[in-house]
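Trainee: Sharing a sequence plus its predicted fold:
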Amino acid sequence: MSRLRAILILIGLVLALAALIYAGVSIFSPKQENSVIAYTLPCQYNESLMPFGSNVLYYDGVSIHCMSGNGKVRWSFQIGSNAGYDCTDKVVAAWAGNTIYILDQNGNSSYNDNLGEAIQFARAGKQYVAAVIGDTTSPRLVVKDHTGAHMDEEADAYQDLILLDVGFYGKNGEYMWTLSLDVFGTAANTLLNTFEVGKMNTGQVSLGDSITYAVLYENSKLRVIGTRKMLAFNYRGAEDTSQSVLVYGWRLIGKEIPERGDAMMLFAPTSQTDNQFDIRELRLINGQEDKRYSLPDTCIGATIWNKAIYALSPTHLYQAGLAARRFTAYEIPSQAQPVTRFINTLSDGSILVASGENVFVLTLPEQ
């Protein structure tokens with residue numbers, strides 16, 4: 001009886017220890033969930049895929065197609081070969097050769113015209129569309145409203161420069177910024193110009209020889225992000241040096257900009273995003289806060305939406321709130337595995353991904 005009692009006590013202790021170990025693993029390990037839904041899109045992966053609000057735009061070499069998040073084709077617009085496009089959540093600016101097209105949410109053309117010179121690229125805003133036309137060096141910048149009315153034109157500011165990018169900012173997109181590159185000086189130099197559409201060039205700032213790759217607008221400030229620093233400028237292009245942040249070694253990969261309040265900017269180490277995405281840690285800059293996160297697995301992309309961080313591995317989606325200490329793991333449906341590329345985030349929080357040549361929209365689990 002004594003031996004049997006000792007054996008029973010030993011078994012009880014082993015079971016109690018096993019329960020404690022299981023509880024510890026449950027607390028500190030990602031929890032497996034199955035609340036991610038994958039929708040297959042009727043297209044093959046190419047670099048033309050772009051979010052259009054909660055929809056997706058795709059160019060097949062002849063036509064631009066708008067697809068809903070569940071894979072249905074909403075409309076198609078035939079534009080021809082060698083075309084390009086840009087969009088907001090509500091309007092599309094497309095171009096082919098010398099001709100520009102402005103399309104609404106339903107694919108109807110509100111304006112199209114031959115601008116007389118080859119269009120390098122165009123950008124869409126809340127009120128206006130900007131087209132960069134002419135030679136690579138010394139181009140012209142033409143601005144139209146969504147009905148095609150001529151609003152502004154600028155050429156003098158870009159003599160002997162290469163125009164890299166254009167964007168609109170302000171409450172109603174009434175201001176415009178441009179990035180241009182001077183390659184004829186003793187050293188390459190990037191220039192930031194700011195404009196009030198239809199009125200005047202409000203400022204020009206030299207950004208030096210570091211590569212500037214993103215400009216965001218939040219809290220009435222332009223955040224200009226380069227490979228060394230993130231600089232801050234007011235709407236007229238005057239720098240606020242107290243708002244500059246060192247981001248050397250980090251690359252912006254995701255953002256969420258509320259109508260009011262500070263932007264949430266998600267960075268990953270440059271060394272983990274240079275060639276093949278191999279992300280193991282993240283950095284979040286939100287106002288005065290600067291946080292770091294270690295991922296539970298090697299990931300190929302990450303985004304931020306609804307004040308939560310999402311990271312994507314070939315088989316799992318990881319989620320964490322901004323104040324969370326661990327990530328929750330959600331298994332990706334088998335038909336979308338392995339995920340080979342994170343493409344972008346739609347306005348409803350779904351994410352656009354590719355698995356080889358196949359394209360999927362994945363729903364994000366709620367917090």
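Mentor: That came through fine.
Trainee: Run a quick neighbour tally on Phe327.
Mentor: Neighbours of Phe327 under the rule other C-beta atoms under 10 Å: 24. Where you see a C-beta, it was placed from the backbone N, CA and C, and this is true even at glycine.
Trainee: give the contact list for it.
Mentor: Pro30, Leu295, Pro296, Ala311, Tyr318, Gln319, Ala320 (C-beta atoms under 8 Å, 6 or more residues apart in numbering).
Trainee: Repeat the analysis, applying 10 Å as the threshold.
Mentor: 29-31, 293-297, 299, 309-311, 316-321 (C-beta atoms under 10 Å, 6 or more residues apart in numbering).
Trainee: swap in Gly254?
Mentor: Contacts of Gly254 (C-beta under 10 Å, 6+ apart): 264-268, 282, 284, 301-305, 309-311, 342, 344-345.
Trainee: give me phi/psi at it?
Mentor: Backbone dihedrals for Gly254, given as degrees, to the nearest 10, come out at phi -160, psi 160.
Trainee: From Lys72, how far out is it?
Mentor: 27 Å (C-beta to C-beta, to the nearest Å).
Trainee: In the sheet, which residues pair with the residue nearest to Val62 when sequence neighbours are not counted? Tell me.
Mentor: Leaving aside its chain neighbours, Val62 sits nearest to Gln78 (6.3 Å; criterion: C-beta to C-beta, 6 or more residues apart in numbering). Going by DSSP bridges, Gln78 is paired in beta bridges with Ser63.
Trainee: about what we covered before: narrow the contacts of Gly254 to just the buried residues.
Mentor: The neighbour-count test (16 or more other C-beta atoms under 10 Å) marks 264-268, 282, 284, 301-305, 309-311, 342, 345 as buried among the contacts of Gly254.
Trainee: ok so, going back, of the contacts of Phe327, buried ones?
Mentor: 30, 293, 295-297, 299, 309-311, 316-320.
Trainee: Dump those into JSON lines; add distance to Tyr169 as well.
Mentor: Below are these laid out as JSON lines (distance: C-beta to C-beta, whole Å):
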{"residue": "Pro30", "distance to Tyr169": "39"}
{"residue": "Tyr293", "distance to Tyr169": "29"}
{"residue": "Leu295", "distance to Tyr169": "32"}
{"residue": "Pro296", "distance to Tyr169": "37"}
{"residue": "Asp297", "distance to Tyr169": "37"}
{"residue": "Cys299", "distance to Tyr169": "31"}
{"residue": "Ile309", "distance to Tyr169": "25"}
{"residue": "Tyr310", "distance to Tyr169": "26"}
{"residue": "Ala311", "distance to Tyr169": "29"}
{"residue": "His316", "distance to Tyr169": "36"}
{"residue": "Leu317", "distance to Tyr169": "32"}
{"residue": "Tyr318", "distance to Tyr169": "32"}
{"residue": "Gln319", "distance to Tyr169": "31"}
{"residue": "Ala320", "distance to Tyr169": "30"}
